[in-house]
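> Sequence and predicted structure, then a few things I'm wondering about:
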Amino acid sequence: MNVPALTINKAQARRFLLGYQGLLPARKLTGKQAVFRAVRQLNSIQYDPINVVGPNPHLVLQARIRNYKRDMLETALYQERSLVEGFDKVMCIYPSEDWPYFHLYRRTMGSRYAGNPGYAEAAKLIEGVRKELETRGPLSSLEMEEDSRVFGGWGTHMRAARVALDMLFFGGDVVVHRRVGSRRYFELSERALGELHSQPDPHPSPEAYLDWHVLRRIGSLGLARGSGTDHWLSMLKAPGGRPAALKRLLAAGAIRKVQISEWPEQAFYIRSQDLAALHKAEAAAGGQPAAAFIAPLDNAIWDRTLLEKVFDFYYRWEVYVPAPKRQYAYYVLPVLFGENFAARLDPAFERSSKTFVIQNWWWEAGVDKRDPALVVALGECIQEFAKYLGAESVRLGDPIRKDAVLRSALEAAGYSGG
């Protein structure tokens, strides 16, 4: 049966997406299970090691969890092991309970690495590396006895043992046991994950796997365009590809098609289990609006085209843009206020003085800076972000030192001398 598409408007889409993402209002999660609940809701959060004011996963979580501290994620990953590092869209963090479902994905990724001619020398080390882990693990590549080097991508040569560990990692033979700074220590997955490691692949065919992964990826966003690339990265190929998977999921009633009235030519998809939340988003959210600093690789902004069309907010991450060509700055974070993006900031953390520095700030056109709720929300947001960083003071950079709204927000947060 051909079920007609649901039609919503941009305002409803914004409210649903932000509510689904745990950002309406921001920082509403609390308690010991907050990290797991946040990641379980999003299925995967993207890992990136660049650390200006914390790596991307921490930035994702601080926007959703009140009183977030970095050791909360590390506890879930490396002590409780309720979460695990693995490849999904890119390198991600996802619930360990999903490990068996990625069996085909890991097998395919492992085969790709093993079949890469450039890694042939590293491949010869795999059994030796595995035996070292069996007898001496957990280990990082620096503890491995082998010291030869191979070309490892990104224009660099890497220790062959590190490449061999990566090959084992992508194939699912090892997992990240812990991190010390950026250094990864690996352990055999059978020891780290126990029974999860030996559970069979629940998917009877590649098509069944793809259906699961497409449905899961829709669930990582809440509302997903059928087209586009960024939010569909790294999906395995199967007969018919993603279009066929979407058709099967529609026929099974697992998803519904959605259209946004102001963007009628674009098809969106939502999981059927989320329809109640979509209907609830018809009405505006009540209460005091909150503000949050959003990670550059946050699930809420994976789809930059949707961000621009639905939220009227243009954002590009400029870390790989040469400085003279940047529109804003190296590591800029969007600023969410209520249901809209109100600004963007260039943050820094001076560790020696424990100072959170807002180096620059750019307001979006049309923001009502006279709204007293804006000052209150930004004050709380700045205070929470400073606590997350471990900052004892906050300072405004020279270009924005006289910004009246930001100065008032700092005062509301209990900071002076902005």
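That came through, no problem.
> Is residue 356 bridged to anything, and to what?
Bridge pairing for residue 356 (DSSP bridges) gives the partners residue 349, residue 394.
> so what's it up against?
53, 347-349, 382, 385-386, 389, 391, 393-395 (C-beta atoms under 8 Å, 6 or more residues apart in numbering). For the C-beta atoms, the positions are set from N, CA and C on the backbone; glycine is no exception.
> mind running it again at 10 Å?
Counting by C-beta atoms under 10 Å, 6 or more residues apart in numbering, residue 356 touches 53, 347-350, 382-383, 385-395, 415.
> Can I have the buried ones of those residues as a ChimeraX selection?
Only the buried entries of the contacts of residue 356 go into this ChimeraX selection, using 16 or more other C-beta atoms under 10 Å:
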select :53,347,348,349,382,383,385,386,387,388,389,391,393,394,395,415
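> Just name the shakiest helix or strand of this structure by mean pLDDT.
strand 149-151 (a mean of 65; mean pLDDT, DSSP states H and E).
> Give me the next element, helix or strand, following it.
Next helix or strand after strand 149-151 toward the C-terminus (DSSP states H and E): strand 157-159.
> so where is this structure shaky, pLDDT-wise?
1, 145-147, 149-156, 417-418 (pLDDT under 70).
> Show me what the longest helix along it is packed against.
Counting by DSSP state H, the longest helix found in the chain is helix 372-389. Packing partners of helix 372-389 (3 or more C-beta pairs under 10 Å, 6 or more residues apart in numbering; DSSP states H and E): helix 56-62, strand 291-293, strand 333-337, strand 340-350, strand 355-363, strand 393-396, helix 404-412.
> The same query, at a cut-off of 7 Å, please.
With contacts taken as 3 or more C-beta pairs under 7 Å, 6 or more residues apart in numbering; DSSP states H and E, helix 372-389 sits against strand 291-293, strand 355-363, helix 404-412.
> Following the chain onward from the first one, which element is next?
Read that as strand 291-293. Next along from strand 291-293, by DSSP H and E: helix 304-311.
> Adding distance to residue 140 as columns, could you present the helices and strands packed on helix 372-389 in JSON lines?
JSON lines is the format used below for the helices and strands packed on helix 372-389 (distance: least, C-beta to C-beta, whole Å):
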{"stretch": "strand 291-293", "distance to residue 140": "32"}
{"stretch": "strand 355-363", "distance to residue 140": "31"}
{"stretch": "helix 404-412", "distance to residue 140": "42"}
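> got the contact list for stretch 303-321?
10, 13-14, 50, 221, 225, 228, 230-231, 260, 263, 296, 301, 326-332, 334, 340-341, 364 (C-beta atoms under 7 Å, 6 or more residues apart in numbering).
> Check the offset of it from the chain's centre.
15 Å (C-alpha atoms, centre = their mean, to the nearest Å).
> still on that earlier bit, among the helices and strands packed on helix 372-389, which is the most enclosed?
Neighbour counts (mean count of other C-beta atoms under 10 Å) averaged over each of these peak at strand 291-293, with a mean of 27.
> What is that one packed up against?
Using 3+ C-beta pairs under 7 Å, 6+ apart, strand 291-293 sits against strand 333-337, helix 372-389.
> that older thread, which of the contacts of stretch 303-321 count as buried?
The buried subset of those - by 16+ other C-beta under 10 Å - is 13-14, 221, 225, 231, 260, 263, 296, 301, 329-332, 334, 340-341, 364.
> right, and the helices and strands packed on strand 291-293 - which one's nearest residue 205?
Nearest to residue 205, of all the helices and strands packed on strand 291-293, is strand 333-337, at 40.2 Å by C-beta to C-beta.
> quick one: contacts of the closest one?
Contacts for strand 333-337 (C-beta under 7 Å, 6+ apart): 23, 26, 289, 291-294, 296, 301, 313, 315, 341-345, 347, 374, 377.
> One more: stretch 384-401?
27, 53, 62, 68, 293, 349, 354-361, 382, 403, 406, 410, 415, 418.
> swap in stretch 16-23?
24, 28-29, 38, 41, 63-64, 222-223, 274, 277-278, 281, 292, 299-300, 336, 339.
> let's see 6 Å
With contacts defined as C-beta atoms under 6 Å, 6 or more residues apart in numbering, stretch 16-23 is touched by 24, 64, 222-223, 278, 281, 300.
> next one: stretch 290-298
Taking C-beta under 6 Å, 6+ apart as the rule, stretch 290-298 contacts 25-26, 46, 48, 56, 59-60, 63, 317, 333-334, 336-337, 377-378, 381, 385.
> and that stretch, how far apart are its ends?
Using C-alpha to C-alpha, to the nearest Å, the end-to-end distance of stretch 290-298 comes to 17 Å.
> 23 is where my numbering starts, stick with that
Yep, numbering from 23; the last one is stretch 312-320 now.
> All the helices of the stretch 23-172 of the chain, in order from the start?
32-42, 56-64, 78-84, 92-100, 125-136, 142-145, 148-158 (DSSP state H, counting those that start in this stretch).
> Need the winner for burial among these.
Mean neighbour counts for the helices of the stretch 23-172 of the chain (mean count of other C-beta under 10 Å) peak at helix 78-84, with a mean of 25.
> now for that helix, which elements pack on it?
strand 67-68 (3 or more C-beta pairs under 6 Å, 6 or more residues apart in numbering; DSSP states H and E).
> mind redoing it with 8 Å?
Using 3 or more C-beta pairs under 8 Å, 6 or more residues apart in numbering; DSSP states H and E, the elements in contact with helix 78-84 are helix 56-64, strand 67-68, helix 92-100, helix 394-411.
> any idea of the angle the first one forms with helix 92-100?
The reference is to helix 56-64. 70 degrees (axes from the mean of the first three to the mean of the last three C-alpha atoms, to 10 degrees).
> Please consider this matter closed, and thank you.
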